[in-house]
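Undergrad: test case, fold it:
(one chain, ligands or ions: 2)
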Amino acid sequence: MDQKNITQGIESSLFIQKHSALIRIWHWTTFLVLSASLITVLINSTILNPRDNIGLVQNQLKGKGVTVSEEQAFAVSHEYEDKMWNVHKLLGFGLAFLLLSRVLIELLQPDEEKIRTRIKNAMGRFKLNDENKAKYRHFLNVKRLYLLFYLILLLMALTGLGLAFGRELGFNRQLHNTLKTIHSVLQYFMYAFVLIHLVGVFFAENSKDRGIVSGMINGNYSIK
Ligand code: HEM
Ligand code: HEM
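TA: Numbers count the residues shown, from 1 in each chain. Ligands and ions are numbered 1, 2, ... in the order given. Reported below is the predicted structural model:
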């Protein structure tokens, strides 16, 4: 494909849009911190699962001539899980901070780069009912999915902060358990977003939106 065709392909995609340096740094930092957070959850529900490690603690101590009950062994294996939850908590504070920064970035961005303006403009074009209607519908759905992600992240951050500071805030056991349940159910929405996003970006890059990923790295400022 010659240079002209590549440029034309890029110009015809709605997704080849400018991304400020701030949003790019925000995006890749969020990617790293959220991935690390997901890994802590994964490790705690597999390798460090306290119930699965009861036998291991008992056997190790037995080898040293000490016999402990399941309850005693659980107290030890549970501590390792807690250490990892502390890492999760710190990463969670990072995510809460990143969410706050995303709101500030939205306020500071030039008008044409705000997600709000992009949705508003696309709505206007969608209503024109021209031959690009399907393209605009897809664009709007993708942007709405990002808004949904921000909402899920907000709920995760609020419930997570509630779990982290519940004692200081005087939350009772029942409220703590409710927050835990909500936080834990929300994780599946997060996995769904990450999966849909990665598959979507992969297909977009391999079809009509070629250059979408490099745009999140170089910002697309060279394209008129
Ligand atoms: C957004 C900021 C977040 C904060 C502040 C946060 C904080 C916390 C805290 C304090 C706990 C309790 C740990 C303990 O039992 O000692 C927790 C548990 C947990 N978090 Fe998060 N978290 C956040 C995001 C996430 C994300 C993105 C996921 C996964 C998608 C996640 C999944 C979980 C799970 C599965 C648990 C265990 C819940 C249970 O024991 O049933 N968290 N989180
Ligand atoms: C934990 C993983 C990830 C999360 C949570 C995430 C989140 C997001 C969010 C919220 C946006 C919208 C930004 C905005 O305009 O407000 C976005 C856009 C984007 N992300 Fe990700 N991302 C992740 C991983 C990735 C990866 C691995 C890639 C590339 C391989 C990628 C490529 C992109 C691209 C190209 C866009 C712009 C697409 C568009 O204009 O609609 N993301 N991402």
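Undergrad: please count neighbours and contacts with C-alpha atoms only from this point.
TA: Noted.
Undergrad: could I get the full set of helices for this protein?
TA: 3-11, 21-45, 54-63, 70-108, 115-127, 133-169, 173-205, 212-218 (DSSP state H).
Undergrad: now the shortest one: buried residues?
TA: Of the residues in helix 212-218, those scored as buried under the neighbour-count criterion (16 or more other Cα atoms under 10 Å) are 212, 213, 215, 216, 217.
Undergrad: how near is the residue of the chain positioned farthest from its centre to ligand 2?
TA: In the chain, residue 65 marks the outermost C-alpha relative to the chain mean, sitting 46.8 Å out by Cα atoms, centre = their mean. Counting by Cα to the nearest ligand atom, to the nearest Å, the gap from residue 65 to ligand 2 is 46 Å.
Undergrad: same check on residue 202?
TA: 7 Å.
Undergrad: what's the answer for residue 91, then?
TA: Residue 91 is 13 Å from ligand 2, by Cα to the nearest ligand atom.
Undergrad: can you pull the contacts of that residue?
TA: 33, 34, 36, 37 (Cα atoms under 8 Å, 6 or more residues apart in numbering).
Undergrad: report pLDDT for the last one.
TA: Spelled out, it's residue 37. In this model, residue 37 is scored at 98, pLDDT.
Undergrad: just checking, it touches residue 92?
TA: Yes - using Cα atoms under 8 Å, residue 37 is in contact with residue 92, at 7.1 Å.
Undergrad: name the residues contacting each of the two.
TA: By Cα under 8 Å, 6+ apart, no residue touches both residue 37 and residue 92.
Undergrad: check the contacts of residue 91 against ligand 2, which are close?
TA: The subset of the contacts of residue 91 within reach of ligand 2, by Cα under 6 Å from any ligand atom, is residue 34.
Undergrad: tell me which residue is most central in the protein.
TA: residue 34 (5.1 Å).
Undergrad: how about it: what's its closest non-neighbour residue?
TA: The spatial neighbour of residue 34 that comes closest, neighbours along the chain excluded (Cα to Cα, 6 or more residues apart in numbering), is residue 95 at 7.1 Å.
Undergrad: please pull out the lowest mean pLDDT helix or strand from the protein.
TA: In the chain, the helix or strand scored least confidently by mean pLDDT, DSSP states H and E is helix 3-11, which has a mean of 42.
Undergrad: so the residue nearest to the centre of the chain touches residue 93, yeah?
TA: No - contact criterion Cα under 8 Å: residue 34 and residue 93 do not qualify, at 11.0 Å.
Undergrad: before we move on, the earlier item: surely the residue nearest to residue 34 and residue 157 touch.
TA: Yes - between residue 95 and residue 157 there is a contact under Cα under 8 Å: 7.3 Å.
Undergrad: what about residue 205, neighbour count?
TA: Using other Cα atoms under 10 Å, residue 205 has 15 neighbouring residues.
Undergrad: actually residue 179, not the one I wrote
TA: 20.
Undergrad: check the gap between it and residue 171 for me.
TA: 10 Å (Cα to Cα, to the nearest Å).
Undergrad: and what of residue 36?
TA: For residue 36 relative to residue 171 (Cα to Cα), the value is 28 Å.
Undergrad: would you mind listing what in this protein touches ligand 1?
TA: So the chain meets ligand 1 at 38, 41, 82, 85, 89, 92-93, 95-96, 153, 156-157, 160-161, 163-164, 180, 184, 187, 190 (Cα under 6 Å from any ligand atom).
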